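1. curious how this folds, go ahead:
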Amino acid sequence: MAGERHISYVPFESMDARMQQEMERCAREGTPRPESSAVRAHAPNAFWAFADAWKALFHSGVCDHAIKDLCRVYISRTVKCEFCGNQRSEKATAQGLQEAQYDELLNFESSDSYDDRQKAALAYAEAIAWGTNSDALWDRLHTHFSEAELVELGNCIALTYGQQSWIRLLGIEHHEYMAGTAASMAPGFEDAQALAKAKAEPTYWAAEGTTAGARGLR
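-> Sure, this is the predicted structure:
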């Protein structure tokens, strides 16, 4: 059931020094936040496989990071992963991505909030999530991205799509593990009280009847 945590968090003190260091980075910088990492810590191979892949594909690489974060949050909205959808990348914000640009992700084609390159990337994320494909899509993608960028971005989208589909089932929530940090949280979700208040609002993005809530899990 929603709201129940189905896999426990691994206690910080039971982790080795290297894993603790990565958990401290999660608390300090976010993306990912500590809760999802504390679940993955049950299987250290899974913990490090994700941490290393996420660093290489999301935080580093040839494709601009802000576009990766738009695609990450698009996936959050389309699979309705609230844990991931309420996070932001501080690096993307530093690169000029505005909070308002997250608000129209599921209607990106008709929005004026995105340029043609961003819309092409979001069409790529949509195609990966929902299995759509066409020659027109690939013509569009090759207009805006190199093949190296398409491989990296595609792998980044695929990784976050799989992880968020799983995280949605876990029942984890922010501010439950290594609480006291607002690193990478969306505005209005900085602590447990603010998060609860924001989620109770009728305009909350995942609420039934909102555009994002209505279009998630189609």
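
2. got a list of what Ala182 touches?
-> Phe189, Glu190, Asp191 (Cβ atoms under 8 Å, 6 or more residues apart in numbering). For the C-beta atoms, the positions are set from N, CA and C on the backbone; glycine is no exception.

3. what comes up buried for the longest helix along the chain?
-> Here the longest helix in the chain is taken by residue count, with DSSP state H as the criterion, and it is helix 147-170. Buried residues in helix 147-170, counting neighbours by 16 or more other Cβ atoms under 10 Å, are found at 149-150, 152-154, 156-157, 159-161, 163-164, 167-168, 170.

4. circling back to that earlier point, got a winner among the contacts of Ala182 for most neighbours?
-> Comparing the contacts of Ala182 by number of neighbours (other Cβ atoms under 10 Å), Phe189 comes first, having 21 neighbours.

5. can you tell me the SS state at that one?
-> Of the three states, Phe189 takes coil under DSSP: H, G, I helix; E, B strand; the rest coil.

6. off-centre distance for stretch 168-186?
-> Stretch 168-186 sits 13 Å away from the centroid of its parent chain (Cα atoms, centre = their mean, to the nearest Å).

7. start the count at 786 instead of 1 going forward.
-> Happy to do that; since the first residue is 786 now, the last one works out to stretch 953-971.

8. would you mark the buried spots in that stretch?
-> In terms of neighbour count (16+ other Cβ under 10 Å), stretch 953-971 has its buried residues at 953, 955, 957-960, 962-963, 966, 968-971.

9. tell me which of these is nearest to Thr816?
-> The shortest approach to Thr816 among the buried residues of stretch 953-971 belongs to Ser969, at 5.0 Å (Cβ to Cβ).

10. and the gap between the closest one and Arg813?
-> 10 Å (Cβ to Cβ, to the nearest Å).

11. ok, now Ala933?
-> According to Cβ to Cβ, Ala933 and Arg813 sit 30 Å apart.

12. pLDDT score for the residue of the chain most remote from its centre?
-> For the chain, the C-alpha lying farthest from the average C-alpha position belongs to Asp920; by Cα atoms, centre = their mean, that distance is 27.8 Å. Note for Asp920: predicted pLDDT of 98.

13. give the contact list for it.
-> Residues near Asp920 by Cβ under 8 Å, 6+ apart: none.

14. so where's this protein shaky on pLDDT?
-> The chain contains residues with pLDDT under 70 at 786-788, 994-1003.

15. nearest to Ser845 among the buried residues of helix 932-955?
-> The shortest distance between Ser845 and any of the buried residues of helix 932-955, using Cβ to Cβ, involves Glu937 and amounts to 9.3 Å.

16. that closest one and Val847 touch, don't they?
-> Yes - counting by Cβ atoms under 8 Å, Glu937 sits close enough to Val847 to count as a contact (5.8 Å).

17. can you pull the contacts of the closest residue to Cys869 other than its chain neighbours?
-> The spatial neighbour of Cys869 that comes closest, neighbours along the chain excluded (Cβ to Cβ, 6 or more residues apart in numbering), is Ser861 at 4.4 Å. Under the criterion of Cβ under 8 Å, 6+ apart, the contact partners of Ser861 comprise Glu867, Cys869, Gly870, Gln949.

18. the first one: neighbouring residues, count only.
-> Neighbours of Glu867 under the rule other Cβ under 10 Å: 22.

19. residue contacts, it?
-> Under the criterion of Cβ under 8 Å, 6+ apart, the contact partners of Glu867 comprise Ser861, Arg953, Lys984, Ala991.
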